[in-house]
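Student: this one's sequence-less:
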């Protein structure tokens, strides 16, 4: 993490899946990222979930979400269809709240069968 709170990922063994990449070709993806960024800046979240639809889908289970995440002041930045490189791009562009204690990253499922090198 840099002094300004922005994560930086260094990739010495670059493959397609581990090289941060935008999904700006997907309608609404950039706007969604900007909305999440603004929310993160103004948040006092303790936990950040970021990843693909599996991370996003945790909120479909209200009892689980409320019991384990909502009470802990959690941000859920899951995005359906994101591959590893998209999650890395979003993390590179994200300013994290100073109150953040934990981060959970879930990605890679959408890379299976596509980005093997």
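Tutor: In hand now; what should we look at? The model shown is predicted, which means the values in this text are computed figures rather than measured ones. Residues are numbered from 1 along each chain as shown.

Student: any weak-confidence spans in the protein?
Tutor: Within the chain, the segments meeting pLDDT under 70 span 1-14, 115-117.

Student: What is the longest helix of it by residue count?
Tutor: helix 29-42 (DSSP state H).

Student: Helices of this protein, start to end?
Tutor: Using DSSP H, helices in the chain cover 29-42, 53-56, 62-64, 84-92.

Student: just to revisit the earlier point, who are the packing partners of the longest helix of the chain?
Tutor: With contacts defined as 3 or more Cβ pairs under 8 Å, 6 or more residues apart in numbering; DSSP states H and E, helix 29-42 has these neighbours: strand 74-78. Any C-beta I mention is one placed from the backbone N, CA and C, and that applies to glycine too.

Student: partner strands of the strand it packs on, parallel or antiparallel?
Tutor: For strand 74-78, the paired strands and their directions (DSSP bridges) are strand 47-51 (parallel).

Student: can you state the direction angle for the partner strand and helix 84-92?
Tutor: Here strand 47-51 points in a direction 150 degrees away from that of helix 84-92 (axes from the mean of the first three to the mean of the last three Cα atoms, to 10 degrees).

Student: any idea how far strand 47-51 is from the chain center?
Tutor: A distance of 5 Å separates the C-alpha centroid of strand 47-51 from that of its chain, computed with Cα atoms, centre = their mean, to the nearest Å.
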